Structure formats: C-alpha cells, structure tokens
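one predicted model, sequence on top.
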Amino acid sequence: MRNGLDIEFVGYECRPQKQTLFSRWGAYNPSKEDENYLRLLLRKEYRDPPLSGAVEVHLTFNLRKPKRGKVTHHTKRPDIDNLAYLVTNAMKDLVYEDDSQIVKMTLEKFYAEIPSLRIVVKELTADSYGPVI
C-alpha cells in the first residue's frame, strides 16, 4: 500500500504492553523483547521511509479462543489499550516518525481459532480528516 501499510501477521500471539518498572538504577521495560520482535516482523514487510504527516491507524487483534465455554465478545484481559500501546510503539520510527502523528485510531479485539494481528496505517491528506472547529 502506497502512503501506508496494510498487513496481517497470522499466528502472531498478541501481547500487551507491561508496566515499566522503576528502581534507583533506572527504568526497565519488560515488554522490550516483544516490541523488538514485532519491529523485526514489520521491518521485513515495510521498506518505505517513515510517514511524516497525520496518520490513521486500524488495529485488529485476534486472540486465541479459550478451550472451554461459550464466547461471543472478548471482554477479558488483555486490555485493548495495552495491546495497542505495544504495537504503536513498535511502529515508531519505522512506519511513522512518532506516535503523536496518529490522529485517528480504531481498535478491535476478537476471539479466533488462529491468533493474528492486522495493522492498517494510512497517511491522511488535509481534506481527508475533516474541518478544524
């Protein structure tokens, strides 16, 4: 996709961003390994320079279906905002320059037989995201 990204990682186990740990020796990000792995997957698929304008992001998280019980909507942990946080941080400096460029974001999480992550990023033009009020 020109001026953006549309990709699905089938079999990717989505993990949430974990809380940063602080001590007198500094800060530790326990999710750095997960973020680096996702960056590696993204780097294989996205070779264009980072987008520099306003972007719209759509993330779909298909999480593994539980072995028992009837399920309709994924209302359990992990929280969708923590899932999105890890993905948006992984795309920083790779797909777009900074996550402050995100002006619109749509998040979805579902149960699925096969876990996956779908990422759609579009660079917006001035006329594509409405008037400033």
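That came through, no problem.

not counting its neighbours along the chain, what's nearest Asn36?
Residue nearest to Asn36 in three dimensions, not counting chain neighbours: Ala90, with 8.0 Å by CB to CB, 6 or more residues apart in numbering. Glycine gets a C-beta too; all of them are placed from N, C-alpha and C.

quick check: phi and psi on Glu33?
Per-residue torsions, Glu33: phi -60, psi -40 (degrees, to the nearest 10).

ok, the residue nearest to Asn82 when sequence neighbours are not counted to Ala54 distance?
In space, and not counting its chain neighbours, Asn82 is closest to Pro16: 3.5 Å by CB to CB, 6+ apart. Pro16 is 26 Å from Ala54, where distance means CB to CB, to the nearest Å.

what about the residue nearest to Asn82, neighbour count?
Pro16 has 18 neighbours, counted by other CB atoms under 10 Å.

helix, strand or coil for it?
coil (DSSP: H, G, I helix; E, B strand; the rest coil).

thought Pro78 was touching it, still the case?
Yes: in this structure Pro16 lies within contact range of Pro78 using CB atoms under 8 Å: 3.8 Å.

helices and strands around the lowest-mean-pLDDT helix or strand in the chain, which ones?
Sorting the helices and strands of the chain by mean pLDDT, DSSP states H and E puts strand 21-23 at the bottom, at a mean of 75. Packed against strand 21-23 by the contact rule (3 or more CB pairs under 8 Å, 6 or more residues apart in numbering; DSSP states H and E) you find strand 26-28.

and Gly4, what does it touch?
Leu51, Val55, Val120, Val121, Lys122, Glu123 (CB atoms under 8 Å, 6 or more residues apart in numbering).

what's the pLDDT at the closest residue in space to it that isn't next to it in sequence?
Residue nearest to Gly4 in three dimensions, not counting chain neighbours: Lys122, with 4.3 Å by CB to CB, 6+ apart. Looking at Lys122, its pLDDT reads 93.

ok so Lys122 is a helix residue?
No: going by three-state DSSP, the assignment for Lys122 is strand, not a helix.

so it makes contact with Gly53?
No: contact criterion CB under 8 Å: Lys122 and Gly53 do not qualify, at 10.2 Å.

ok, and what's touching the helix or strand hosting Leu40?
Applying DSSP states H and E as the criterion places Leu40 in helix 32-45. Helix 32-45 is contacted by residues 5, 7, 9, 12, 15, 29, 86-87, 89-91, 94-95, 119 when judged by CB under 8 Å, 6+ apart.
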